[in-house]
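Novice: Sequence and predicted structure, then a few things I'm wondering about:
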Amino acid sequence: MPGQAKRVLILGHGAMGHAFESLLRANHEVAVWDRDLVTWQETQPLEEAAHDRDIVIFALPTNPHDELAGRLAACLPAGRSLYLSIAKGLDAQGRTPAQIFEHHFGLRIGWALLYGPMLARELQAGLPGFAMVASADRAVAAECVALFQGTHLLLEPLDDPHGAAWAAIMKNVYVPLIGAADALALGDNLRGCLITEMLREMSAILERMGGHASTAYTLAGLGDLVTSSTGASSHHRRVGADLAEGRTGHLSASGANIRTEGVHTLEMVRAHRPFDPEQFALFDLICHFIDEPASLNQRLADYLDHRFRREPSSS
Ligand SMILES: NC(=O)c1ccc[n+]([C@@H]2O[C@H](COP(=O)([O-])OP(=O)(O)OC[C@H]3O[C@@H](n4cnc5c(N)ncnc54)[C@H](O)[C@@H]3O)[C@@H](O)[C@H]2O)c1
């Protein structure tokens with residue numbers, strides 16, 4: 001049974017904006033806001049578009065989150081609206097969508113993040129999508145679940161927004177490595193090993209960043225990692241395959257392009273150092289792979305050697 005009808009504003013009318021619009025419009029009153037593709041002017045002033053909305057969904061990259069969340073927090077009364085983001089990258093200051101929302105909305109205004117296997121084209125085709133709705137506030141998570149009731153996007157609440165944000169971000173960092181290994185025909189066995197190693201490292205990074213290690217094993221981590229690693233048309237898988245095969249054009253693209261969100265994250269972590277990249281061997285390997293794609297075979301061999309074939313210590 002669908003919940004109560006809400007007035008929803010979707011920011012960004014790209015692949016996910018369109019998918020969410022078609023999911024929600026049967027049961028809710030949905031409006032969209034974006035920039036004009038030619039002039040880059042706002043289709044309508046944001047403050048005007050948002051003023052009577054119960055729920056605002058950020059269906060755009062992480063980079064504009066800070067500006068847009070700041071404008072909304074300044075103009076909308078506390079407690080009136082709820083904010084949702086699905087963006088998976090870091091912004092130019094190295095912040096996650098969870099950090100940006102916490103900064104602008106804090107405990108004053110409800111906010112949540114939606115992460116999991118929910119490819120836009122599958123949602124548009126009527127196939128099911130799955131996501132964790134991550135919020136520090138259970139009532140907010142329940143409101144999000146109610147919003148999507150009666151649709152084929154199936155949600156599960158999670159009380160770890162910071163962990164979920166890092167799980168989604170790390171997924172985009174790791175998947176190019178799977179795409180590269182597959183392009184080089186390094187084997188199904190290696191793929192299984194790498195995905196296991198990625199989950200182990202993702203758990204450690206989530207904990208380092210103030211999240212729960214267990215969030216890596218939810219739809220936001222494992223679920224999305226498997227979908228992107230194995231999906232034939234996965235953007236991030238393609239990036240890795242292209243690099244392994246000598247096509248390096250993406251590296252000059254901006255992080256606003258979702259194809260390059262993983263590469264952009266590597267650059268932001270190196271620039272802002274929310275954690276020490278050298279302490280996480282797979283993360284470090286992927287940084288070196290992006291710098292020097294031809295070195296991948298040797299780096300993978302060194303990684304596996306270090307991980308599995310080291311002489312046992314004498315102690
Ligand atoms: N495509 C998917 O299947 C999918 C699934 C889950 C999550 N996501 C995440 O959702 C986010 C958006 O992905 P997408 O595939 O819809 O991207 P997209 O490129 O198709 O659409 C992004 C939209 O945001 C708008 N936009 C960008 N910067 C803006 C700004 N400063 N002001 C106003 N509008 C702006 C663009 O005009 C565009 O319409 C990404 O972070 C992505 O990782 C995507």
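Specialist: Done, it's in.
Novice: secondary structure element for Trp111?
Specialist: Trp111 belongs to strand 110-115 when assigned by DSSP states H and E.
Novice: Next secondary structure after that strand?
Specialist: helix 120-124.
Novice: Flag every buried residue along that following helix.
Specialist: Ala120, Glu122, Leu123 (16 or more other CB atoms under 10 Å). Where you see a C-beta, it was placed from the backbone N, CA and C, and this is true even at glycine.
Novice: Closest one of those residues to the ligand?
Specialist: Nearest to the ligand among the buried residues of helix 120-124: Ala120, at 3.6 Å, using CB to the nearest ligand atom.
Novice: Go ahead and confirm the closest one touches Met16.
Specialist: Yes. Proximity of Ala120 to Met16 meets the contact threshold set by CB atoms under 8 Å, at 5.0 Å.
Novice: mind listing the strands for the protein?
Specialist: 7-11, 29-33, 55-58, 82-85, 110-115, 129-134, 153-158 (DSSP state E).
Novice: pLDDT on the fourth one, on average?
Specialist: Looking back up the chat, that one is strand 82-85. For strand 82-85, the mean pLDDT works out to 96.
Novice: Could you do stretch 163-182 as well?
Specialist: Mean predicted confidence for stretch 163-182 is 96.
Novice: on that earlier part again, for His162, state which of the buried residues of helix 120-124 is nearest.
Specialist: Ala120 (24.9 Å; CB to CB).
Novice: Would you mind saying which of the strands of the chain lies nearest the ligand?
Specialist: Going by CB to the nearest ligand atom, the one of these nearest the ligand is strand 7-11, 6.4 Å.
Novice: partners of the closest one, with directions?
Specialist: strand 29-33 (parallel), strand 55-58 (parallel) (DSSP bridges).
Novice: so the strand holding Trp111 versus strand 129-134, what angle?
Specialist: 140 degrees (axes from the mean of the first three to the mean of the last three CA atoms, to 10 degrees).
Novice: what packs against strand 110-115?
Specialist: Judged by 3 or more CB pairs under 8 Å, 6 or more residues apart in numbering; DSSP states H and E, strand 110-115 is in contact with strand 82-85, helix 97-105, strand 129-134, helix 138-147, helix 161-183.
Novice: Many thanks, I have nothing further to ask.
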